[in-house]
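Trainee: here is my input, please return the structure:
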Amino acid sequence: MVASKPVVAVLSTGNELQEPGQPLQKGHIRDSNKMTLISLLRQFGYPVIDAGIAKDDPNTLLTILKGAFSQADVLVSTGGVSMGERDILRPVLVSDFNAEIHFAQVFMKSGKPTTFASCQFNGKKKLILGLPGNPVSAIVTSTLYLLPLCRKMSGRTVCENTCIKAKLSEDIQLDPRPEYHRVTLFWNPGAELPVAHSTGNQISSRLLSMASAQALLKLPPATTELKILPVNSVVDALLLGM
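Mentor: So this is what the prediction gives:
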């Protein structure tokens, strides 16, 4: 079977966002998500289109979406998919493109607002992956959803990143949701499994927690019986960059 790689349009949303390289305006923040996702996709050889930054305005978003759909097979956006009054991506997709929302929340940390939808545009099916706006959430959900989606569309049978076993270097407090915990991995001489070391505070806005991360630990949700995973527990570790 021969399959072409999907063309992916990357879009950021939010009035507060500003392109890198410009003097920062009052009340704005630099858009790190778009360049991060573009770099991630290019690392794996996928054609990428920079769809820019959409303001929190339905008409502006509509125009940008039409432009993205005319060039790309997949649209991946960050922000605009939560429950606030400015989170308008889903309403615009449904009202203006008759999109089908396949899911709009995921039981996980981080990345709960992740949305997946599809629509027809000029007679062709388009896939939309709406990711959270927090930088870490965007990277984690890209690893879990965007890269596997692109691999599947490219004809690959194995679509997820490589998963191995690893031991915890310390106790870890479990969250009520399944968590993808950023870690570095170390192999001790003669050991069968690597040791996973947390990259520190796992708050989803702390991009620094991804800077040295080599894997995402798949941690189970807390239960009444199990609220802490003890040191040396063996868990799955999803390798980044592979």
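
Trainee: what does the helix or strand bottoming out on mean pLDDT in the chain rub up against?
Mentor: When each helix and strand of the chain is scored by mean pLDDT, DSSP states H and E, helix 208-211 comes last, with a mean of 82. The contact list for helix 208-211 (C-beta atoms under 8 Å, 6 or more residues apart in numbering) reads Pro135, Val136, Ile139, Arg182, Thr199, Gly200, Asn201, Gln202, Ile203. From N, CA and C alone the C-beta is placed, and that goes for glycine too.

Trainee: buried among those? Make that a PyMOL selection.
Mentor: Buried subset of the contacts of helix 208-211, written as a PyMOL selection, criterion 16 or more other C-beta atoms under 10 Å:
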select buried, resi 135+136+139+182+199+202
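
Trainee: from the contacts of helix 208-211, which land in helices?
Mentor: Pro135, Val136, Ile139 (DSSP state H).

Trainee: nearest to Pro6, of these?
Mentor: Of all the ones in helices among the contacts of helix 208-211, Ile139 has the smallest distance to Pro6: 19.4 Å, by C-beta to C-beta.

Trainee: does that closest one touch Ser39 like I think?
Mentor: No. In this structure Ile139 lies outside contact range of Ser39 using C-beta atoms under 8 Å: 10.5 Å.

Trainee: please report phi then psi for Ala215.
Mentor: Phi and psi for Ala215, reported as degrees, to the nearest 10, are phi -160, psi 160.

Trainee: what is the burial count for the residue nearest to it when sequence neighbours are not counted?
Mentor: Leaving aside its chain neighbours, Ala215 sits nearest to Ala237 (4.1 Å; criterion: C-beta to C-beta, 6 or more residues apart in numbering). Residues within reach of Ala237, counting by other C-beta atoms under 10 Å, total 24.
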